[in-house]
Structures are given as structure tokens and as C-alpha cells.
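>>> Give me a model of this one.
(chains A and B)
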2 protein chains.
Amino acid sequence: MNRTNPIGFFDSGIGGLTVVKAVTRIMPNENIVYFGDTARVPYGSKSNETVVEYSLQAANFLLRKNIKLLIVACNTASSVALKELRKFLTVPVIGMIEPGAKMALQESRKGIVGVIGTRATINNKAYTYELKKINPKVKVYEQACPLFVPLAEEGWLDHKVTSMIAKEYLGGLNEKKIDSLILGCTHYPILSDVIQKVVGKNVKLIDSGTPAARLVEDYLNGRQLRNLSVHHGQSEFYVSDVPTKFREVAERFLGKKITHLHKVELDELTNE
Amino acid sequence: MNRTNPIGFFDSGIGGLTVVKAVTRIMPNENIVYFGDTARVPYGSKSNETVVEYSLQAANFLLRKNIKLLIVACNTASSVALKELRKFLTVPVIGMIEPGAKMALQESRKGIVGVIGTRATINNKAYTYELKKINPKVKVYEQACPLFVPLAEEGWLDHKVTSMIAKEYLGGLNEKKIDSLILGCTHYPILSDVIQKVVGKNVKLIDSGTPAARLVEDYLNGRQLRNLSVHHGQSEFYVSDVPTKFREVAERFLGKKITHLHKVELDELTNE
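Residues are numbered from 1 along each chain as shown, chains lettered A, B, ... in the order given. So this is what the prediction gives:
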């Protein structure tokens, strides 16, 4: 494996761009290749079987781009498909769950952690499992928030309705006196202002993007796989569909302009 | 073509079951075969190109079930893919747009019609085109309501938030003094109570399901293709994914129990 090979990312759509943002902030010289499965988004309301199938297709597509490491930049795919991906892939695979769980435990004073995510992520209880593996005494309360993804994609970030929906979803967690809250979906950092207001400023919000980026940095450093270039890396973005307003929404998540955007035909994913 | 052959329906997911409900109400002796593309739902936020591709795959799947007629029970697919479907298919194809537009004009006293739908349906202006083709003097105002589908699927039918979102989306149409409103997405009849409250009782809500069912009845009668059986027809339901709570939500849309439910592998759709 070569140091200059890119880091691969995939997500069901554009949410994973918040993870790309975290990685390029601490490792700007790494080359990046991203795949967003916009033709089949969302994953969070689909069955485990389908999410595993799509994840393996996405990973195989990225392997053909000679990635040196795969980041599953989607909490749903991380909670459902990580084991299968690690079984079939020859490159290291880093998901969102483990780094997010670790950081939540570091930040929690009382050991009472909330987790929010898509229905699939919450049904699979991947965060509860990971948190209890590290600290069996931790108390974990999970809550699915299915309307947060469409609200984030609509850009209703400081809308009264978003605040009301957040109150409805998060009221139960407030009662449990959580002191850290894992944003268990890569769309949710976009809504962090409203979420913070609803849970109060004493609850630490945990976005897996930053700790995942740190984990990748450690991993690459430990194996002499960091890119040593002094220049900014190249970023390539592949998507399975380019709907209206895609670029606008994607750039809101990434926090900068997207220059190299390519469309992948579904045949290319399904017929290996 | 045989009278006993089934009527085929497809939709991006479960919304089309409201159309099945309308058809079986007036023609209970017809056999039905339904395909819902739940592995790739929704279509309404995707590009025209992708919606056409998925629609042709769904139609080809149903042709292999020997359907005598195809109902495109999805407004997005109807507004984007009808022409392509009619070009490639050997059976008659009935979409949602034409029957909905006709009924709206029958019900409108002032000739001021509102249309709501997904972003893809509204961007394509298929209803405006169809309405003006029938009556060039009609005034049409279209409005995309992207959050209505997730709200309907969540079952937040009489929630305060749903009412607030409806007020936000429909306020502009109220100002235009519309007197009929086309529910241009098969999910929306589920939200008709809240929509009716927001637009007022003088605005007639138009659900394409019932006029589409009448059009199918006329078509089959005119060609001696009605099933003459005195017994209730068989209904078969195929989906590309069976996520958690699928049956519960689907039965809410269909209004009765689903007995014959089968999962279709995506390979079966993509590799003809």
C-alpha cells in the first residue's frame, strides 16, 4: 500500500461529507475519494439485508480506486454492515460507532449517554453495544429521530417546526438526565444548534466525524501510511444520482465547493 | 390479452397502495399485482434520469406477471417517465396526472387550481401542462411539499407540527384563491384532514386515485377486458425491501391486511 493512495469514504448520500470535512481539516494533504449512494438514499429506513448489500457494493467501488483505508461515513451502514465489510475487505475499515462511543464516554461525567439516529441505527443498538463494551456500567438511552434527515436536507435549520420536532424527540432523553448525546447520523451536526438548545448547554454533543478523523490519523501514522506531501490533497466525489439542488446541499455539508463530481451508473455498482 | 390477467401497479414504495384501494373498491373482482420499490424509495427527490430507469425496471418486472394494463401509481414516475413507458411497453399505461387534472377542472368553479407534490413532480410541471392542454385558460399554482412524505410515513397525521408545516407550504396557494387542490403524490391522501383544514372547506381536494380507477374501468370495459368473475380478485404485493414496520405502514395505506407479500431481489429488476 502506498502513502499517496486515497482515503475512501462512503455514505448513503451527502451526510458523510461532514466526515470528509473533519478529515481534511486535520489531514489536508490526504487524497480523498468519496462515494454517495444518492440513487438509493436513504439507508436509515431500509432493512439490514439491503443496507449490507449496498454497503458491500459501495466498498467494492472504492476498492477499485485503490483506497488505502475505508471510512464508513454513515452511521446506519456502520451499525449494520461493519462486520460484513471487515470480513470481505482487504483494507482497514473504520466506522462511526466506535470513535463516537469512545468520545462520549470521555466527555460524560455521570455515565449517562443519549444516542439519536435513524430507525435502522437505533433498532440495531450498535452504540449501546459499543458503549457497554468499553464501560459496562454506562447508562444508555437511544431515540430514533426519522424526521431530522429530511429537515436537514430541506435546510430548515432554525425553523420553529424543527425546534418543536426536536423537543418531541428529545424530551424523553432530557428526563433521563443524559450529560452527553451522540449525534448518531452524519446529517445531524447540521442541526446541532437546535439540538443543543433543546437538550441544554450542559449536555455535550458528540459528532463522530472528529473522533473518527483522529482515529484514522493515528492508524495511518502507526503504519507509516500518512501522505507526506506538503500540498493539499485531491478530492474526488462520486454519486449514483445528481438530483436538482444536489450541489447546493452537498456544499452546505462539506463547507466548501465541490470541484470533481462524477456520476456512477448503478450497473457499475451492481455488476462487479 | 385475457380478461383474467391482473392489473399491474407500481410505485416508489407504499403510497401507490392508496390507488390499489381505489381500484379494488370499484372493481373488486379484478386480480392485482403491485410492485413497490422500497429498496430505492423515495423517487421524488431523485433526478429524472434515475426515475425513468427505475420505472422501466418496475414495468418490465410487472410485464413478466402478464399484466393486462399498467397503472403508474406514483405521481413522480407519472410526471417524469410516462412517455418512456408508453414508448417501450406493449400494454396500455395509465398515469396519475391526466385523471387528476381532468377531475380538478370538473370540480373547479373559478378555474384556479393548486397542485402539490414532490420536488421532482413539481419541477417537471406535468400537471400544469396537462391542465392547460385541456383548458388553456386555467390558472395553475404549483408547490413542492417535500416534508409531507416523511410525515405521512411517520404517521404524524394529526400532529401540531404537521399542521404548521402544511400552513407554511400552503399559505401561498391560499393567497392565490385556488378552489381545487390536486394532491399530486399518492402519500398525501393520508394527510387530507390536515390539508383540508389549512386550505379551508371551500377548496376541493383532488386525489388522483379515484379518477384513475374510473379511467381504468372505462378502458377495460371499452375493450372487453374486464374480469367477469363473480368472486373477489387475488392481490399480490412485491417489494424490493421489507424494512421494520413495513407491514404496519403498508396496511395503513391499503386500508386492509396484506396476505401475499413477496420480496424481489434487485438483481431480478436490473438484469432482465
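
>>> is it true that residue A:269 touches residue A:241?
No. Contact criterion C-beta atoms under 8 Å: residue A:269 and residue A:241 do not qualify, at 11.6 Å. Where you see a C-beta, it was placed from the backbone N, CA and C, and this is true even at glycine.

>>> Might you enumerate the residues of the stretch 101-250 of chain A proximal to chain B?
The stretch 101-250 of chain A has residues A:119-120, A:123, A:146-147, A:150-151, A:153-154, A:160-161, A:164-165, A:168, A:240-245 near chain B, with proximity defined as C-beta under 8 Å from any C-beta of the partner chain.

>>> again, only using 10 Å
Contacts of the stretch 101-250 of chain A with chain B, taken as C-beta under 10 Å from any C-beta of the partner chain, map to A:119-120, A:123, A:146-151, A:153-154, A:156, A:159-165, A:167-168, A:240-246.

>>> which residues of the stretch 51-200 of chain A fall in helices?
Remark: helices assigned in the stretch 51-200 of chain A by DSSP state H, counting those that start in this stretch are A:75-88, A:97-107, A:119-124, A:126-134, A:148-154, A:160-175, A:192-199.

>>> Figure out which of those helices is closest to residue B:134.
helix A:148-154 (32.8 Å; C-beta to C-beta).

>>> Find residues that contact each of residue A:269 and residue A:241.
Jointly contacting residue A:269 and residue A:241 under the rule C-beta atoms under 10 Å, 6 or more residues apart in numbering or on different chains are A:37, A:39, A:40.

>>> returning to that earlier point: possible to save the helices of the stretch 51-200 of chain A as a markdown table with distance to residue B:103?
Below are the helices of the stretch 51-200 of chain A laid out as a markdown table (distance: least, C-beta to C-beta, whole Å):
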| stretch | distance to residue B:103 |
| --- | --- |
| helix A:75-88 | 40 |
| helix A:97-107 | 50 |
| helix A:119-124 | 36 |
| helix A:126-134 | 48 |
| helix A:148-154 | 29 |
| helix A:160-175 | 31 |
| helix A:192-199 | 41 |
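
>>> near chain B too, which of the shared contacts of residue A:269 and residue A:241?
Answer for these near chain B (C-beta under 10 Å from any C-beta): A:37, A:39, A:40.

>>> Quick check: the gap between residue A:216 and chain B.
30 Å (C-beta to the nearest C-beta, to the nearest Å).

>>> and what of residue A:199?
Taking C-beta to the nearest C-beta, one finds residue A:199 at 18 Å from chain B.

>>> now swap in residue A:126 and tell me
Where chain B is concerned, residue A:126 sits at a distance of 15 Å (C-beta to the nearest C-beta).

>>> show me the contacts for the closest residue to that residue other than its chain neighbours.
Spatially, and ignoring its direct neighbours in sequence, residue A:126 is nearest to residue A:79 (3.4 Å; C-beta to C-beta, 6 or more residues apart in numbering or on different chains). Going by C-beta under 10 Å, 6+ apart, residue A:79 touches A:44, A:48, A:51, A:72, A:95-97, A:117-118, A:120-127, A:129-130, A:184.

>>> Would you list the buried entries among these?
A:44, A:48, A:51, A:72, A:95-97, A:117-118, A:120-124, A:126-127, A:130, A:184 (16 or more other C-beta atoms under 10 Å in any protein chain shown).

>>> After the host helix or strand of residue A:221, heading C-terminal, what element do we hit next?
Assessed by DSSP states H and E, residue A:221 sits inside helix A:209-222. Sequence-wise, the next helix or strand downstream of helix A:209-222 (DSSP H and E) is strand A:235-239.

>>> Tell me the helix or strand right after that following strand.
Following strand A:235-239 in sequence, per DSSP H and E, is helix A:246-254.

>>> relative orientation of that next one and strand A:235-239 in degrees?
On the basis of axes from the mean of the first three to the mean of the last three C-alpha atoms, to 10 degrees, helix A:246-254 is oriented at 130 degrees to strand A:235-239.

>>> Quick one: residues in contact with helix A:246-254.
Counting by C-beta under 10 Å, 6+ apart, A:11, A:13-21, A:24, A:34, A:36, A:38, A:152-155, A:157, A:186-187, A:189-190, A:235, A:237, A:239, A:242-243, A:257-258, A:261, B:45-47 sit against helix A:246-254.

>>> mind listing what's buried in it?
A:246, A:249, A:250, A:252, A:253, A:254.

>>> Model confidence score at the first one, please.
Think residue A:246. Turning to residue A:246, the model gives it a pLDDT of 84.

>>> Likewise for the third one?
In the prediction, the pLDDT value recorded for residue A:250 is 88.
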